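Participant: sequence unknown, structure follows:
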């Protein structure tokens, strides 16, 4: 019987010839990730493990300060210091302080720390992002991360796979974010719980690396354990530019077994918006423009859409214009590298001239930490990944999830707007 | 064997996510009691005042969806809750709860048969859930064998210590 891409990676890391869904395995990990919040708890657990004198491999751990950065208060600074001291003590190679990294999931691929066929676990639910590169990657809590720090292995239940087949081509104004919102809406937020989702089809072949990142990133929004793309020439070129490390490209066998196969036709897909307060509450943009939905804040950034490709789209729409007077726009480039690139390309000037507040890279606004927190009764349209009650601040605020283009168009209109109109205006 | 758990039920709906269990702004706290003061704040601001030691959270499907923050089950435990009974749990929350020693039980019938304020008892060893107020009894789904072994061994930490000792 054939195996899926996910099953092959898991089997190889468990030293087994084959695995099947439901099987419990002990798998070696190629990389363990934590941020200052998950690390703080993990370090406490690590220190209490008898026999754990040091981490399993100081070069296979990545610690990224990104949630409350720069520290919003003394308590946040304390957690950051705890992680920094641990990194120093354990001589961790890949430690990224404020100003040297950015959002963990943006930074790791940029730094060549993610390659096809690898197995990565992280103390952050959006660790599934690395499935964009043909890796098995999944989020865990701090105790599991502490165990991985000590052992260099994790126990996993092999997930059954759901195959998603995307046919057709995205129209103008439609992006990977819209396709993924449609996917979460189709699966439901627990539609893929305990499952792997495998992204396939002609649309996927055409998709940029950033587009694949956006889609893999939101696998968790359907409850999935991981979301994965087969590595192709684009992936290999991206990774080889960043690392000399050898890696193994796997692909699903022709007779691999899938629990379900779902076909999604993107030819006729409109831009999509997830309404409050669930990522599965997805509607076509026409439902959001019928009655004007006035916006108080537009947020551009996050591990979902904080990439240079995203900022280019936003800048192309805002260039030479001013954002609507009734709202504010907060932009967080995903990493220092994205920030620098945006500076070099003149994107930062375009955004500031348009009236945007451009912040340092970080996760703060997306999870209601700081740097863009919503107040009672405020409405935000955001490029992020979650819109649960209170996600970005007040439990009385509303978050609508959309693509960078929809967010930029909304910034000009002062209400949620169809990006296809804005793109027409700029002739993009 | 673990003692019987006993307390009043606090009943919630489906998709109780980690953002309402412990809002992001509190995720820089690591003290369980301090976290407990904000447990479920995003969903039920009265919860932390109403909850008493031993009480049980009873909820519909997909409890704990969203973030991997381990402070979510820690906050619930820190508030004094003795167990969570739900129709199903999100994957990461499920692992985290077991890892930090928050007992969780899956039972559709129990959830349907318990209302807020009902007195509930749970025998962790057998998974027997009793609604004392209504005089009904339910059986939670058994843990998969590997999970049960982890629980019997005292959690993930002793398991890791044994793995390390095997290598030494």
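Facilitator: Structure received. What you see is a predicted model; the values in this text were computed from it and never measured. Residues are numbered from 1 along each chain as shown, chains lettered A, B, ... in the order given.

Participant: How many neighbouring residues does the closest residue to residue B:63 other than its chain neighbours have?
Facilitator: Nearest non-adjacent residue to residue B:63, counting by C-beta to C-beta, 6 or more residues apart in numbering or on different chains: residue B:86, 3.9 Å away. The way it works is simple: take the backbone N, C-alpha and C, and place the C-beta from them, glycine included. A count of nearby residues for residue B:86, using other C-beta atoms under 10 Å in any protein chain shown, gives 26.

Participant: Same check on residue B:147?
Facilitator: Using other C-beta under 10 Å, residue B:147 has 16 other residues around it.

Participant: is it true that it lies in a helix?
Facilitator: Yes: looking at residue B:147 with DSSP: H, G, I helix; E, B strand; the rest coil, it is inside a helix.

Participant: Tell me how far it lies from residue B:59.
Facilitator: 20 Å (C-beta to C-beta, to the nearest Å).

Participant: these two touch, right, the residue nearest to residue B:63 and residue B:59?
Facilitator: Yes: at 4.6 Å, residue B:86 counts as touching residue B:59 under the criterion of C-beta atoms under 8 Å.

Participant: ok, longest strand in chain B?
Facilitator: In chain B, taking DSSP state E as the definition, the longest strand is strand B:5-11.

Participant: got a list of contacts for that one?
Facilitator: Contacts with strand B:5-11, where a contact means C-beta atoms under 8 Å, 6 or more residues apart in numbering or on different chains, come from B:44, B:47, B:50-59, B:81-83, B:103, B:114-122, B:124, B:131.

Participant: Mind doing that once more with 7 Å?
Facilitator: Contact partners of strand B:5-11, identified using C-beta atoms under 7 Å, 6 or more residues apart in numbering or on different chains, comprise B:47, B:51-52, B:54-58, B:82-83, B:103, B:114-122, B:124.

Participant: mind listing which of those are in helices?
Facilitator: Residues of the contacts of strand B:5-11 located in helices (DSSP state H): residue B:47.

Participant: Give me the buried entries from the contacts of strand B:5-11.
Facilitator: Those of the contacts of strand B:5-11 that meet the buried threshold are B:47, B:51, B:54-58, B:82-83, B:103, B:114, B:118-122, B:124, by 16 or more other C-beta atoms under 10 Å in any protein chain shown.

Participant: which residues of chain B score low on pLDDT?
Facilitator: Counting by pLDDT under 70, chain B has low-confidence residues at B:1-2.

Participant: residue closest to the middle of it?
Facilitator: residue B:84 (3.4 Å; C-alpha atoms, centre = their mean).

Participant: Who are the packing partners of the longest helix along chain B?
Facilitator: Scanning chain B for the longest helix, with DSSP H as the assignment, gives helix B:156-167. Packing partners of helix B:156-167 (3 or more C-beta pairs under 7 Å, 6 or more residues apart in numbering or on different chains; DSSP states H and E): helix A:142-151.

Participant: What about contact with chain B: does the helix it packs on have any residue there?
Facilitator: Yes: contact between helix A:142-151 and chain B, assessed by C-beta under 7 Å from any C-beta of the partner chain, occurs at A:142, A:143, A:144, A:147, A:150, A:151.

Participant: Not counting its neighbours along the chain, what's nearest the fifth one?
Facilitator: Among residues not flanking residue A:150 along the chain, residue A:52 sits closest, at 4.0 Å (C-beta to C-beta, 6+ apart).

Participant: Can you get me a residue count around the one you found?
Facilitator: Using other C-beta under 10 Å, residue A:52 is surrounded by 20 other residues.

Participant: can I assume it is in contact with residue A:42?
Facilitator: No: Residue A:52 is beyond contact range of residue A:42, at 11.5 Å (criterion: C-beta atoms under 7 Å).

Participant: Which positions in chain B make contact with chain A?
Facilitator: So far as C-beta under 7 Å from any C-beta goes, chain B lies against chain A at B:15, B:17, B:19-20, B:23-25, B:27-30, B:42-43, B:61-62, B:65-68, B:70-71, B:90-92, B:95-96, B:99-100, B:146, B:156-157, B:160-161, B:163-165, B:168.

Participant: picking up where we left off before, list the buried residues in the longest helix of chain B.
Facilitator: Buried positions in helix B:156-167, judged by neighbour count with 16+ other C-beta under 10 Å: B:156, B:157, B:159, B:160, B:161, B:163, B:164.

Participant: give the contact list for the third one.
Facilitator: Think residue B:159. Residue B:159 makes contact with B:150, B:153, according to C-beta under 7 Å, 6+ apart.

Participant: Relative to residue B:95, how far out is it?
Facilitator: In terms of C-beta to C-beta, residue B:159 sits 13 Å off from residue B:95.

Participant: Right, I'll leave it there.
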